[in-house]
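K.L.:
Sequence and predicted model, in that order:
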Amino acid sequence: MASNKNRDIEQITQLIVADPGLPRPNPTSSYWQNPPHTLSKIQSPTLQRETNHAIIGSGITGLSIAKTLLNSHPTTKITILEARTLCSGATGRNGGQMAANMGEEYSHLVQHLGSEMAGKIAKFTLKNLDCMKELIEEFDTGDICEVQELRKLRVFLNGEKFEAFRGSIALMEGDHPELKGFYKILDGDTVLKKYGIHGAVGGALLPAGTVWPYRLVTKVFEDLLKKFPDRLTIETNTPVINVEHDPTCTTPAAYTIHTSRGSLRAENVFYATNGYTGHLLPRLRGRIHPFKGTMTVQDSNGSVPNQGKDVSWGFHYTPTYDSVTGKSGYGLYYLGQSVKTGYFYFGGENARVDETVSADDSFVGEDSVAHLRKGLPRFFGKDNSSSWKLVSSWSGIMGFSSDGLPLVGRVPSSLSGRSGQGEWIAAAFNGYGMANCLLSGEAIALMALGKKVDWLPGAYGLDEERLKSVLTERESVQALTAKL
Ligand SMILES: Cc1cc2nc3c(=O)[nH]c(=O)nc-3n(C[C@H](O)[C@H](O)[C@H](O)COP(=O)(O)OP(=O)(O)OC[C@H]3O[C@@H](n4cnc5c(N)ncnc54)[C@H](O)[C@@H]3O)c2cc1C
């Protein structure tokens with residue numbers, strides 16, 4: 001089947017450099033976004049002509065940038081430009097899991113970045129999860145986000161993956177004793193007997209949480225608009241088409257942002273555009289790429305006890321590739337359960353590369369949904385799933401980078417193609433936005449205000465060394481074809 005494999009490698013090479021385009025105007029309907037927030041279509045009668053800071057994207061990263069700018073400066077004005085409705089990207093379509101992935105990533109990070117940087121990244125993600133908690137405590141006083149503090153049970157479905165994980169944890173704990181005890185390793189028998197999960201060779205528990213991210217983000221936007229009515233403007237259904245810089249401009253607002261509703265000038269432009277970023281910054285294509293995820297909500301009809309208060313789950317397996325169908329399994333399923341309804345929120349990918357390296361969330365692959373419907377009951381030992389009901393399914397677009405790390409910082413001229421120094425990016429969270437976005441957004445907002453940020457992992461920055469060595473098209477192709 002070498003020819004099929006070659007076909008798939010060629011397709012990957014083409015797909016990762018393709019223009020992701022603008023967010024599709026007719027996305028699938030996400031369970032989290034129903035009913036829509038009253039501000040979902042917020043828009044001024046006409047687009048203002050000038051602002052201090054233009055933020056492109058209204059997900060959790062755009063929110064964090066806006067909140068930081070508003071709170072850190074007494075007068076500065078902010079305009080958020082959103083292609084679709086408020087929070088209609090990945091943040092409004094994800095798995096709702098607030099969990100760190102530092103344990104499984106640690107040994108890989110050490111190999112490429114050394115133990116000091118790997119430790120810095122691990123602690124950054126933990127701090128970010130603390131910030132999520134603080135944000136929820138401050139803004140969700142009425143429990144609208146159905147937040148649960150719980151433990152995530154990472155379930156390992158084969159020995160190879162489990163041993164690699166244990167090795168990674170041991171290395172992390174040896175290098176950073178202060179992280180000891182964060183993960184509690186379990187054997188397969190305990191995973192079955194205590195948590196009712198079948199097929200595990202082992203597992204690990206870690207402190208984590210679940211949340212309704214769409215409700216959280218829209219609620220914070222609502223409160224920010226009340227607190228800063230003259231300084232914050234949100235323009236939904238306003239796709240940004242391109243950005244220009246005028247080096248001869250004599251006022252600070254040297255950027256012109258062209259949108260479907262006219263143009264706006266700004267001093268700083270923030271790209272909080274995640275998997276779509278390559279459309280506005282073409283030189284990033286291939287270095288970051290969209291990755292389409294599938295989510296389902298499933299009802300077991302009471303056949304499985306409700307553990308939503310105590311645990312969420314991640315199922316890890318060695319990535320697979322079927323050269324006949326061209327389908328790849330990406331090594332992870334993620335699962336949470338609603339305490340209120342008992343519904344399961346279950347996601348994960350097993351699809352052809354043209355279905356996953358895609359920015360098109362206007363449809364959800366039937367095969368992907370069927371795969372998730374078949375897989376979930378089995379984890380609970382139910383081979384007959386006829387009584388399980390599919391409540392909802394949708395797709396969403398993540399941003400992935402060639403080296404697996406987010407891109408956070410000033411956009412260098414070599415990437416923007418413009419001489420101005422007022423373009424900023426926080427994107428490509430590689431499926432772990434809840435553990436990265438808030439502080440990444442805060443970091444670039446503070447940098448744009450000229451404040452010192454010494455807590456952001458240096459490996460997230462866009463220095464020339466990273467751009468030349470690991471943030472490359474070649475590395476993206478390698479990462480995606482490694483398992484073929
Ligand atoms: C199916 C799925 C499951 C996931 N599960 C989890 C999980 O359980 N836990 C976790 O931590 N992370 C998860 N993630 C990842 C997480 O949701 C993201 O990393 C995070 O939400 C990214 O937030 P963001 O604000 O950077 O991007 P987004 O929320 O994607 O926001 C980007 C916004 O930019 C807008 N935009 C883009 N281009 C333009 C343009 N040209 N003009 C105007 N607007 C534009 C988009 O419309 C969008 O609203 C998941 C993602 C998906 C898709």
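P.N.:
Everything's here; your move.

K.L.:
pretty sure V217 contacts G57?
P.N.:
No - between V217 and G57 there is no contact under CB atoms under 8 Å: 11.3 Å. All C-beta atoms are positioned from the backbone trio N, CA, C, and that covers glycine.

K.L.:
Enumerate every residue touching the residue of the stretch 1-150 of the chain found nearest the ligand.
P.N.:
When scored by CB to the nearest ligand atom, the stretch 1-150 of the chain has G59 as its residue closest to the ligand, at 2.2 Å. Neighbouring residues of G59 by CB atoms under 8 Å, 6 or more residues apart in numbering: 87, 89-92, 217, 272, 274, 433, 437.

K.L.:
any chance of those in a markdown table, plus secondary structure and distance to the ligand?
P.N.:
Output for these, formatted as a markdown table (DSSP: H, G, I helix; E, B strand; the rest coil; distance: CB to the nearest ligand atom, whole Å):
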| residue | secondary structure | distance to the ligand |
| --- | --- | --- |
| C87 | coil | 6 |
| G89 | coil | 3 |
| A90 | helix | 3 |
| T91 | helix | 3 |
| G92 | helix | 7 |
| V217 | helix | 8 |
| A272 | coil | 5 |
| N274 | helix | 3 |
| G433 | helix | 2 |
| C437 | helix | 5 |
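
K.L.:
Narrow those to those that are buried.
P.N.:
Among the contacts of G59, those classed as buried by 16 or more other CB atoms under 10 Å are 87, 89-92, 217, 272, 274, 433, 437.

K.L.:
out of the residues you listed, who's nearest D143?
P.N.:
Using CB to CB, V217 is the member of the buried ones among the contacts of G59 that lies nearest D143, at 15.9 Å.

K.L.:
Let me see the confidence value for N384.
P.N.:
In the predicted model, N384 carries a pLDDT score of 77.

K.L.:
quick one: the top helix by length along the chain to chain centroid distance?
P.N.:
Counting by DSSP state H, the longest helix found in the chain is helix 115-139. Mean C-alpha position of helix 115-139 versus that of the full chain (CA atoms, centre = their mean, to the nearest Å) differs by 15 Å.

K.L.:
Pull the residues that contact it.
P.N.:
Residues outside helix 115-139 that contact it (CB under 8 Å, 6+ apart) are 98-102, 105-106, 109-110, 113, 145, 147, 149, 172, 175-176, 179, 182, 208-209, 211, 216, 219-220, 223, 405, 432, 434-440, 442, 455-459.

K.L.:
Tell me the helix or strand right after it.
P.N.:
Scanning forward in sequence from helix 115-139 by DSSP states H and E, the next helix or strand is strand 148-156.

K.L.:
Show me which residues of the stretch 201-350 of the chain are close to the ligand?
P.N.:
239-240, 272-274, 276, 279-280, 293, 295, 334, 347 (CB under 6 Å from any ligand atom).

K.L.:
Restricted to helices, list the residues you listed.
P.N.:
Going by DSSP H, the helices hold 279-280 from those.

K.L.:
surely H37 meets T218?
P.N.:
Yes - when contacts are counted by CB under 8 Å, H37 is listed as touching T218 (3.8 Å).

K.L.:
Below-threshold pLDDT in the chain: ranges please.
P.N.:
Applying pLDDT under 70 to the chain flags residues 1-2.

K.L.:
Just give me the residue closest to the centre of it.
P.N.:
The residue lying closest to the centre of the chain (CA atoms, centre = their mean) is G433, at 3.6 Å.

K.L.:
what's around the closest residue to V311 other than its chain neighbours, how many residues?
P.N.:
Distances taken as CB to CB, 6 or more residues apart in numbering place L153 nearest to V311, at 4.9 Å, with adjacent residues excluded. By other CB atoms under 10 Å, the residues close to L153 number 25.

K.L.:
Tell me the bridge partners for L153.
P.N.:
With DSSP bridges as the criterion, L153 is bridged to L205, W313.

K.L.:
returning to that earlier point: farthest pair in the residues of the stretch 201-350 of the chain next to the ligand?
P.N.:
Going by CB to CB, the pair spanning those furthest: V240 and Y334, at 30.7 Å.

K.L.:
Tell me which of those two has more neighbours.
P.N.:
Neighbours were counted for V240 and for Y334 using other CB under 10 Å; V240 has more, 24 against 21.

K.L.:
still on that earlier bit, quick one: which of the buried ones among the contacts of G59 is nearest to E160?
P.N.:
G433 (27.8 Å).

K.L.:
what residues does the stretch 1-150 of the chain put near the ligand?
P.N.:
Residues of the stretch 1-150 of the chain lying close to the ligand by CB under 6 Å from any ligand atom are 22-23, 56-62, 81-84, 88-91, 93-97.

K.L.:
Which of those residues fall within helices?
P.N.:
60-62.

K.L.:
which one of the residues you listed has the most neighbours?
P.N.:
In terms of neighbours by other CB under 10 Å, those top out with T61 at 34 neighbours.

K.L.:
Would you agree that one is in contact with A426?
P.N.:
Yes - look at T61 against A426 with CB under 8 Å: they come within range, at 5.0 Å.

K.L.:
Need the overlap of contacts for those two.
P.N.:
Joint contacts of T61 and A426 (CB under 8 Å, 6+ apart) are 272, 437, 440-441.

K.L.:
what sits against the nearest residue to H73 once chain neighbours are set aside?
P.N.:
Excluding its sequence neighbours, the residue lying closest to H73 (CB to CB, 6+ apart) is L449, at 5.9 Å. Residues counted as contacts of L449 (CB under 8 Å, 6+ apart) are 69, 72-73, 76.

K.L.:
Return stretch 361-377 as CSV; C-alpha atoms alone will do.
P.N.:
Taking C-alpha atoms only, stretch 361-377 is exported to CSV below (Å, rounded to 0.1, in the frame of the first residue of the first chain):
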residue,chain,number,x,y,z
ASP,A,361,-16.4,23.5,10.3
SER,A,362,-19.6,23.9,8.2
PHE,A,363,-20.1,20.1,8.3
VAL,A,364,-19.3,17.3,10.6
GLY,A,365,-18.0,14.0,9.1
GLU,A,366,-20.6,11.3,9.4
ASP,A,367,-17.8,8.7,9.8
SER,A,368,-16.2,10.6,12.6
VAL,A,369,-19.5,10.8,14.5
ALA,A,370,-20.2,7.1,13.9
HIS,A,371,-16.7,6.3,15.2
LEU,A,372,-17.3,8.3,18.4
ARG,A,373,-20.8,6.7,18.9
LYS,A,374,-19.4,3.2,18.6
GLY,A,375,-16.3,3.9,20.8
LEU,A,376,-17.8,5.6,23.9
PRO,A,377,-20.1,2.8,25.1
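
K.L.:
which of the residues in it are buried?
P.N.:
361, 364-365, 368-369, 371-373, 375-377.

K.L.:
who in the stretch 351-484 of the chain is up against the ligand?
P.N.:
Residues of the stretch 351-484 of the chain lying near the ligand (CB under 6 Å from any ligand atom): 396-398, 427, 429, 431-435, 437.

K.L.:
if we go to 8 Å?
P.N.:
Proximity of the stretch 351-484 of the chain to the ligand, by CB under 8 Å from any ligand atom, involves residues 361, 394-399, 426-427, 429-437, 441.
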